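>>> Sequence and predicted structure below; questions after.
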Amino acid sequence: MNKSDIAVMPAYFDRYVNLAPAIDIIDALSQQASLESVLPAALMTDLGDYVYAPGKWTAKDIVQHLIDTERIMAYRALRFARADSTPLPGFEEDDFARSARASRRTITDLYAEFEAVRQATLAMYRSFDDEMLQGTSICAGRDLSVLALGFVLVGHPIHHANVVRERYSR
């Protein structure tokens, strides 16, 4: 299914969905199977511990955030695809970032983990039929579909790549 098949564009999450290409969800997720496709590892390595303002994330924090978000959104998609109507809460990304200890890891290791998580997401999305992709529930007080969540997963790394280009260039 394509981005145009999203029945209701989710409030707040639309900023990520709108960044994703208007192609089939499997193709969109596959094109980004490597984080390198949108966010070069060499750039992130060069940034080191640089932050553009106090309290902002390092390159490693950003990649860890992308991994954590991929897992959380994929879990939400699974719940919705399995017709679980239990409203799901949001998550505090800054709390996750503080607790992740990404600084102890290498960019290479983080990129490898992202790729492994994305492969799991792809396998799950390949298992969904059209009815499952149109499944919806409530997350963080907003109606979301499985299909929309898939495009959030594609647009979210693009969003952060844009932030890195706009705010982290020295």
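Noted; the coordinates are in hand.
>>> How far does the helix or strand where residue 75 lies sit from its chain's centre?
Using DSSP states H and E, residue 75 falls within helix 59-81. The chain centre lies 5 Å from the centre of helix 59-81; the measure is Cα atoms, centre = their mean, to the nearest Å.
>>> Now do the helices in this structure.
With DSSP state H, the ranges of helices along the chain come out as 14-17, 25-31, 41-47, 59-81, 93-100, 107-127, 130-133, 146-167.
>>> Of those helices, give the one that comes closest to residue 140.
helix 59-81 (9.4 Å; Cβ to Cβ). In this view, the C-beta of every residue, glycine as well, is placed from N, C-alpha and C.
>>> Can I get the closest one in PDB, CA atoms only?
Presented in PDB, the C-alpha positions along helix 59-81 are these (Å, rounded to 0.1, in the frame of the first residue of the first chain):
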ATOM      1  CA  ALA A  59      25.300  12.200  16.900                       C
ATOM      2  CA  LYS A  60      25.300   9.000  18.800                       C
ATOM      3  CA  ASP A  61      22.200  10.100  20.800                       C
ATOM      4  CA  ILE A  62      20.400  10.800  17.500                       C
ATOM      5  CA  VAL A  63      21.100   7.400  16.100                       C
ATOM      6  CA  GLN A  64      20.200   5.700  19.400                       C
ATOM      7  CA  HIS A  65      16.900   7.700  19.300                       C
ATOM      8  CA  LEU A  66      16.200   6.500  15.800                       C
ATOM      9  CA  ILE A  67      16.700   2.900  16.900                       C
ATOM     10  CA  ASP A  68      14.500   3.300  20.000                       C
ATOM     11  CA  THR A  69      11.800   5.000  18.000                       C
ATOM     12  CA  GLU A  70      11.900   2.300  15.300                       C
ATOM     13  CA  ARG A  71      11.300  -0.300  18.000                       C
ATOM     14  CA  ILE A  72       8.500   1.600  19.700                       C
ATOM     15  CA  MET A  73       6.700   2.400  16.500                       C
ATOM     16  CA  ALA A  74       7.000  -1.200  15.200                       C
ATOM     17  CA  TYR A  75       5.600  -2.500  18.500                       C
ATOM     18  CA  ARG A  76       2.700  -0.100  18.100                       C
ATOM     19  CA  ALA A  77       2.100  -1.300  14.500                       C
ATOM     20  CA  LEU A  78       2.100  -4.900  15.700                       C
ATOM     21  CA  ARG A  79      -0.500  -4.100  18.400                       C
ATOM     22  CA  PHE A  80      -2.700  -2.200  15.900                       C
ATOM     23  CA  ALA A  81      -2.300  -4.900  13.200                       C
END
